[in-house]
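**Q** Attaching a predicted model along with its sequence, questions to come.
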Amino acid sequence: QQKVQQSPESLIVPEGGMASLNCTSSDRNVDYFWWYRQHSGKSPKMLMSIFSNGEKEEGRFTVHLNKASLHTSLHIRDSQPSDSALYLCAASMGSGSWQLIFGSGTQLTVMP
Amino acid sequence: EAAVTQSPRNKVTVTGGNVTLSCRQTNSHNYMYWYRQDTGHGLRLIHYSYGAGNLQIGDVPDGYKATRTTQEDFFLLLELASPSQTSLYFCASSDDITEVFFGKGTRLTVV
C-alpha cells in the first residue's frame, strides 16, 4: 500500500467552480505535507506547504491539515482552465527525514 | 529559481543495456533525489543523497545504482536495463525539505 494516498484520481470542474482534492497518509511517522502542481509535459513545482494543524490560504488556494488523522486537503476556488494539471501530495516521514514521499496524484481538468 | 539540469532529455536503449542518467544542480543544495514517474504511481523515490559520497536508498531502488560524485553532480545507473524501467525520471535538489526543485526530466525507453 502506498504511504500517501490521494483522491479522487481525476476531477473535472467547470470554470469558476470549486475543486477539492484529498490526501491521507497511512504512516504515523508522517509529520509535514506539501502540495505540488505539474502541468502537462512539465516538471512538478511546489504549490503550498502545511506543517501544523489548521488552514492556510494563498490567493485562490486553501490547504487544510488534520495531523491526528494525517489528512490534508487542497481547495481551489474560482477554478481557471490554467489550473488544469496533476496535483501531487507529498509528505516527509518523520522528524529529520529528508525523504519526500509522493502520492499518485489527482488529475484536475477545469472546463471553460 | 533553483536550476537542476538533467541529461540526456530522451534516451532509448535495449534490454540488458547500460544507461547513465546525469543530473547537475548549481544551487549548492545539500540534498539531491532521483524519482521515476509512471502513470498511476505518481513520483516514486529511487535514491537520494545528502552530500558528496553519500547515498540513501529510497522506496524503489531495485535495478538502480546511484553515485554522488560532487556537491553538484548526481548520477543514476542502470546496469542491465529492463523494459520495466521505461519511465520518466526526475532529478531534484533541495537545501532543506521545505521546497524541492525538479529538473525537466529524462524520458527513458527500454526496448
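**A** Great, that's in hand.
**Q** so who does the residue sitting furthest away from the middle of chain A touch?
**A** Centroid-distance maximum for chain A: A:Pro112 at 22.5 Å, with C-alpha atoms, centre = their mean. Going by C-beta atoms under 8 Å, 6 or more residues apart in numbering or on different chains, A:Pro112 touches A:Glu15, A:Pro81. Glycine gets a C-beta too; all of them are placed from N, C-alpha and C.
**Q** One more pass at 10 Å, please.
**A** A:Pro112 is in contact with A:Pro14, A:Glu15, A:Gly16, A:Gln80, A:Pro81, A:Ser84, counting by C-beta atoms under 10 Å, 6 or more residues apart in numbering or on different chains.
**Q** where are the low-confidence patches of the chain?
**A** With no chain named, the answer covers chain A. Within chain A, the ranges that satisfy pLDDT under 70 run A:1, A:94-97.
**Q** The chain in question should be chain B.
**A** Within chain B, the stretches with pLDDT under 70 are B:1.
**Q** So which residues on it come close to chain A?
**A** Proximity of chain B to chain A, by C-beta under 10 Å from any C-beta of the partner chain, involves residues B:1, B:4, B:6, B:30-31, B:33, B:35, B:37-45, B:48-50, B:56-59, B:88, B:90-92, B:94, B:96-105.
**Q** Among those residues, which lie within helices?
**A** Nothing among those maps onto helices, per DSSP state H.
**Q** Quick one: buried ones out of these?
**A** Among the residues of chain B next to chain A, those classed as buried by 16 or more other C-beta atoms under 10 Å in any protein chain shown are B:4, B:6, B:30-31, B:33, B:35, B:37, B:42-45, B:48-49, B:56, B:58, B:90-92, B:94, B:97, B:100-103, B:105.
**Q** how far away is B:Arg68 from B:His29?
**A** Separation of B:Arg68 from B:His29 (C-beta to C-beta, to the nearest Å) stands at 12 Å.
**Q** Sorry, wrong one. I was asking about A:Lys45.
**A** To B:His29, A:Lys45 is 16 Å away according to C-beta to C-beta.
**Q** Looking at the two, which one has more neighbours?
**A** Shown here are A:Lys45 and B:His29; by other C-beta atoms under 10 Å in any protein chain shown, B:His29 has more neighbours (19 against 15).
**Q** Hmm, that one is touching B:Phe101, no?
**A** Yes: under the criterion of C-beta atoms under 10 Å, B:His29 makes contact with B:Phe101 at 7.7 Å.
**Q** Can you check which residues contact both of the two?
**A** Common contacts of B:His29 and B:Phe101, defined by C-beta under 10 Å, 6+ apart, comprise B:Ala2, B:Val4, B:Ala92, B:Ser93, B:Ser94, B:Asp95.
**Q** Which members of these occur in strands, if any?
**A** Within these, residues falling in strands by DSSP state E are B:Val4, B:Ala92, B:Ser93, B:Ser94.
**Q** For the residue positioned nearest the centre of chain B, give its distance to chain A.
**A** With distances taken as C-alpha atoms, centre = their mean, the residue of chain B nearest its centroid is B:Trp34 (3.0 Å). Relative to chain A, B:Trp34 is positioned 12 Å away (C-beta to the nearest C-beta, to the nearest Å).
**Q** Residues of chain A that sit close to chain B?
**A** So chain A meets chain B at A:2-4, A:6, A:9, A:32, A:34, A:36, A:38, A:41-46, A:49, A:51, A:86, A:88-90, A:92, A:96-107 (C-beta under 10 Å from any C-beta).
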